[in-house]
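this is a predicted model, with the sequence first.
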Amino acid sequence: MIDLSAYDLDNDSVLEMIHVKYNAEIIGKRMFIKYDGKLKQRIHRRLAHSAETHNPNWDVDETGTCTTRNRDTFLPDVGIWFQLVTKAQRVTPIKARCPLPNVWIGVFFNRDPDRSHALSNIDLIQRQNLGIEFVCIALPFSTANFPQNPNPGAATVQATPTANQNSRPTRAPYIIHWNANNVPVYYKMSWNNHIILRCGWALDFNLVLNVLAM
């Protein structure tokens, strides 16, 4: 996190200059530089491809810059816009006020500060934008071998939420899907399972688990 209180963040040109130089989120007077290794990036890419395959008319991006009404800028790991944003919003997303996506997918390692930053972003945005569908995927922060799929090629089935919905799972991988009332619903990520999002897309857990098992 970098303190930007010395800069004129009311100037769109300053914000665009920062955006060009850094892959960063600017929230209030603080800048959070986004760094993702190849494992996360591969997961982002596979999720985005799956969403585009589900609905080719969607505008799907990985870490596409978008803004809130109070000029905070965010980089959802995968964002789904149901309609293509304008050319200006794609070229100069801060100055042209690229809107937040209709579906926001975050991917984080199950440890702080990665986890706390991802969840605090969602908490902040939910206060202003009640219509966004949020999903977070927690990954184990480990270089140990991940178990292979015991039944590859099997059809996936709908996942069941965890029994204790009052507390977040302690061990990753798991998924958080906020329901229509913005209440988090937790799922342990098991092979050959999926969840159906409100937008209609079936999020296949194998997309993530296959990357972890590589």
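All right, it came through fine. From a predicted model like this one, the values you see are computed outputs, not experimental measurements.

and stretch 102-113, what's buried?
Within stretch 102-113, the residues scored as buried using 16 or more other Cβ atoms under 10 Å are Asn102, Val103, Trp104, Ile105, Gly106, Val107, Phe108, Phe109, Asn110. Bear in mind the C-beta positions are built from the backbone N, C-alpha and C, glycine included.

please apply the same query to stretch 55-67.
Trp58, Asp59, Val60, Asp61, Glu62, Thr63, Gly64, Thr65, Cys66, Thr67.

just send the buried residues of stretch 102-113 back as JSON lines, with secondary structure, pLDDT and distance to Asn129 too.
As requested, those are arranged in JSON lines below (DSSP: H, G, I helix; E, B strand; the rest coil; pLDDT from 0 to 100; distance: Cβ to Cβ, whole Å):
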{"residue": "Asn102", "secondary structure": "coil", "pLDDT": "97", "distance to Asn129": "10"}
{"residue": "Val103", "secondary structure": "strand", "pLDDT": "98", "distance to Asn129": "12"}
{"residue": "Trp104", "secondary structure": "strand", "pLDDT": "97", "distance to Asn129": "9"}
{"residue": "Ile105", "secondary structure": "strand", "pLDDT": "98", "distance to Asn129": "15"}
{"residue": "Gly106", "secondary structure": "strand", "pLDDT": "97", "distance to Asn129": "15"}
{"residue": "Val107", "secondary structure": "strand", "pLDDT": "97", "distance to Asn129": "20"}
{"residue": "Phe108", "secondary structure": "strand", "pLDDT": "96", "distance to Asn129": "20"}
{"residue": "Phe109", "secondary structure": "strand", "pLDDT": "96", "distance to Asn129": "25"}
{"residue": "Asn110", "secondary structure": "coil", "pLDDT": "96", "distance to Asn129": "26"}
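
low-confidence stretches in the protein?
Under the criterion pLDDT under 70, the flagged ranges of the chain are 1-11, 18-20.

in it, which spans are helices?
With helices called from DSSP state H, the chain shows them at 12-21, 38-54, 87-91, 114-126, 205-212.

among those, which is nearest Thr160?
helix 205-212 (12.1 Å; Cβ to Cβ).
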